[in-house]
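Participant: what shape does this take:
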Amino acid sequence: MSDKAQGKLKKDDDNHPGTSQPSFRFAQMRSAEQPTQPAFQQSSLKPAPVGSADVIDKSAYFNEEARVVEEQDANTSLWLPTSLRPVPAFYPLEKSSRLVEDESAADVASRLSECLRTLSVHAVYNNEAATASLLTAENVEMHLSLWKTPATSRQQGVVVELQRRKGDSIAFHRYSRSILDAAVGDLDLDDIPEELLNDIVYSKKVQRLLASELKNQDKQEHENAIIAMEIAHGLLMKDRMDARQLGLESLCLLTDPKKTGYITAVLTSYVVLLGSTRSVQIPGVTDDQGSEIMMDEGPFQEIREAILSLVQFSRIGEDDEELDDEKEISTEAEHMTLLHNLALAVLANALDVIENPERYDREPEDTKPRARLRTASSNDVANEFLQATEETSRTEILSTLISELGKADHKPHNATLSAKCLGSLCRASDDARRRAK
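Facilitator: Numbers count the residues shown, from 1 in each chain. Just a heads-up that it's a prediction; the model follows:
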């Protein structure tokens with residue numbers, strides 16, 4: 001076809017846009033600063049230089065209204081009850097329930113799911129039954145149900161009921177107030193106190209136990225810390241599961257500087273990681289050469305071995321009795337799951353303290369009436385912990401922690417604690433960063 005005929009054909013196509021003509025086109029996504037390049041240059045295998053001009057702003061290629069709708073759908077798709085069941089005639093509602101008047105079930109479920117996400121509560125939703133199984137970071141199990149009021153009732157709406165199945169009752173009421181307020185719409189998620197979001201409340205029995213044993217205020221802080229660790233060791237070595245749980249919860253408190261003290265948290269963290277306090281020089285207890293008061297560190301080694309065994313193998317030692325009854329086996333496995341979570345919390349607290357212990361020393365250095373607590377460097381402690389763990393359990397702790405991240409879909413609290421452990425280890429140790437890669 002001649003050039004003149006091709007020009008006439010192109011002119012006819014412009015005048016009749018509905019005419020179908022074969023054509024070959026391609027779409028190219030590029031940033032605003034990046035100049036247009038020919039097609040043959042775009043397919044080059046030569047890597048492009050890294051820079052701000054090479055970063056694609058993908059949000060600019062989507063419709064703003066469509067993106068807002070998509071985000072709204074993502075937020076409300078967590079819990080979409082298909083239908084609500086009426087409250088049975090002879091069903092006694094829990095006191096922890098609330099009536100939401102003139103609201104649809106979808107709106108109530110949307111507010112509840114967002115509240116549970118903010119409070120870091122693991123929820124498994126059932127859209128057909130309009131229920132949810134909840135698990136908090138304190139291992140409190142709850143059951144959330146949505147009911148519709150009877151047609152003969154004066155007040156029409158949605159009844160939100162929250163039941164405690166297992167766990168500490170004080171922690172349950174702490175969560176139930178926020179969840180029920182969110183269902184009604186009286187709770188602003190942006191105004192939730194930070195301590196409600198981050199502060200884990202352990203059993204009051206542990207706090208009363210430690211307080212009763214540490215009544216002597218004349219003793220120095222390090223002496224009280226040793227006594228408290230001996231109490232935790234005695235509980236941890238018992239055969240009863242409730243005693244082991246109390247021992248681990250007490251270690252969770254002792255490794256948290258916000259709940260105990262700076263010296264107590266540092267000493268307990270060294271015991272958890274290394275099974276010894278020899279790397280810590282306490283003013284008035286250790287002299288300039290580092291010699292310390294003689295003490296039996298056998299219990300400290302057993303505390304460390306118990307924590308590692310729970311974290312890596314979900315058991316304490318290798319001498320546990322084999323159970324024949326299926327019910328006993330199920331109960332044992334349930335308790336070990338709880339102890340595994342508590343052991344991860346203890347390890348996360350200890351690594352966080354060792355990473356930067358001065359961060360928790362509230363008293364300014366120039367106003368201290370006492371000398372500063374001298375500890376080994378975080379890099380040395382982390383490397384010694386990694387080496388000693390591999391020699392003791394024949395299993396690398398980093399592999400165990402990374403495998404916990406793969407279970408985040410059904411055990412998000414364990415995955416969070418594992419991520420905290422990995423973060424502290426990688427920030428403190430160059431060797432840990434190399435191994436993690």
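
Participant: contacts, neighbours, all on C-alpha from now
Facilitator: Noted.

Participant: would you map out the domains in the protein?
Facilitator: Residue ranges for the domains of the chain, per automatic domain parsing: 85-198, 266-317+331-364+373-436.

Participant: tell me which helix or strand E161 sits in.
Facilitator: strand 157-166 (DSSP states H and E).

Participant: so for A232, which of the domains of the chain sits nearest?
Facilitator: domain 266-317+331-364+373-436 (8.4 Å; CA to CA).

Participant: D107 belongs to a strand, doesn't it?
Facilitator: No. Under DSSP: H, G, I helix; E, B strand; the rest coil, D107 falls outside any strand and is assigned helix.

Participant: for burial, what's the neighbour tally of it?
Facilitator: Other residues lying near D107 total 15 when counted by other CA atoms under 10 Å.

Participant: quick one, what contacts L338?
Facilitator: Going by CA atoms under 8 Å, 6 or more residues apart in numbering, L338 touches N139.

Participant: report the buried residues of the one helix or strand it maps to.
Facilitator: In this structure, L338 is located in helix 326-355 according to DSSP H and E. Residues 335-355 are the ones in helix 326-355 that count as buried (16 or more other CA atoms under 10 Å).

Participant: beyond that helix, next helix or strand please.
Facilitator: Assigned by DSSP H and E, the successor of helix 326-355 is helix 378-393.

Participant: which strands or helices does that following helix pack on?
Facilitator: Applying 3 or more CA pairs under 8 Å, 6 or more residues apart in numbering; DSSP states H and E, one finds that helix 378-393 contacts helix 262-274, helix 298-313, helix 326-355, helix 397-405, helix 412-428, helix 430-436.

Participant: isn't S113 up against A106?
Facilitator: No. Applying CA atoms under 8 Å, one finds S113 not in contact with A106, separated by 10.4 Å.

Participant: contacting residues for V381?
Facilitator: V381 neighbours (CA under 8 Å, 6+ apart): 274, 354.

Participant: host element of the closest residue to G185 other than its chain neighbours?
Facilitator: Nearest non-adjacent residue to G185, counting by CA to CA, 6 or more residues apart in numbering: R111, 7.4 Å away. In the assignment (DSSP H and E), R111 maps to helix 105-118.

Participant: which outside residues touch that helix?
Facilitator: Contacts of helix 105-118 with the rest of the structure, by CA under 8 Å, 6+ apart, involve 75-76, 78-81, 84, 100, 122-123, 146, 158, 178-179, 182-185, 189, 197.

Participant: tell me which of these fall in strands.
Facilitator: Counting by DSSP state E, the part of the contacts of helix 105-118 found in strands is 100, 122-123, 146, 158.

Participant: out of these, who's nearest N379?
Facilitator: For these, the nearest to N379 is H122 (34.4 Å; CA to CA).

Participant: quick one: end-to-end length of stretch 270-279, please.
Facilitator: Taking CA to CA, to the nearest Å, stretch 270-279 runs 8 Å from one end to the other.

Participant: mind listing residues that contact that stretch?
Facilitator: Under the contact criterion CA under 8 Å, 6+ apart, stretch 270-279 has outside partners 267, 292, 297, 300-304, 307, 346-347, 350-351, 354, 375-376, 381, 384-385, 388.

Participant: buried residues, that stretch. List them.
Facilitator: Going by 16+ other CA under 10 Å, stretch 270-279 has these buried residues: 270-278.

Participant: want to throw the ones in strands among the contacts of helix 105-118 into CSV with pLDDT, neighbour count and distance to R240?
Facilitator: Formatted as CSV, the ones in strands among the contacts of helix 105-118 follow (pLDDT from 0 to 100; neighbours: other CA atoms under 10 Å; distance: CA to CA, whole Å):
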residue, pLDDT, neighbour count, distance to R240
V100, 93, 21, 44
H122, 94, 20, 28
A123, 95, 21, 30
L146, 95, 26, 38
V158, 93, 23, 43
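
Participant: state the number of residues packed around E128.
Facilitator: 12.

Participant: looks to me like it is in a strand.
Facilitator: No. E128: not assigned to a strand; according to three-state DSSP it is coil.

Participant: residues contacting it?
Facilitator: 81-83.

Participant: any idea how far L146 is from it?
Facilitator: 11 Å.

Participant: give me the low-pLDDT residue ranges for the stretch 51-200 of the chain?
Facilitator: The model of the stretch 51-200 of the chain has pLDDT under 70 over residues 51-77, 193-200.

Participant: helices of that one, residue ranges please.
Facilitator: 64-76, 105-118, 169-184, 194-198 (DSSP state H, counting those that start in this stretch).

Participant: pLDDT score for N356?
Facilitator: Per-residue confidence at N356 stands at 77 (pLDDT).

Participant: identify the residues contacting it.
Facilitator: N356 neighbours (CA under 8 Å, 6+ apart): S378.

Participant: do the same with E396
Facilitator: Contacts of E396 by CA under 8 Å, 6+ apart are 386, 389-390.

Participant: buried subset of these as a PyMOL selection?
Facilitator: Buried members of these, defined by 16+ other CA under 10 Å, are picked up in PyMOL with:
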select buried, resi 386+389
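
Participant: what is the neighbour count of the residue nearest to E103 when sequence neighbours are not counted?
Facilitator: In space, and not counting its chain neighbours, E103 is closest to G157: 6.0 Å by CA to CA, 6+ apart. When neighbours are defined as other CA under 10 Å, G157 has 18 of them.

Participant: the one 10 residues further on now?
Facilitator: Around G167 sit 16 other residues, with neighbours defined as other CA under 10 Å.

Participant: over to the one 4 residues further on?
Facilitator: Residues within reach of A171, counting by other CA under 10 Å, total 19.
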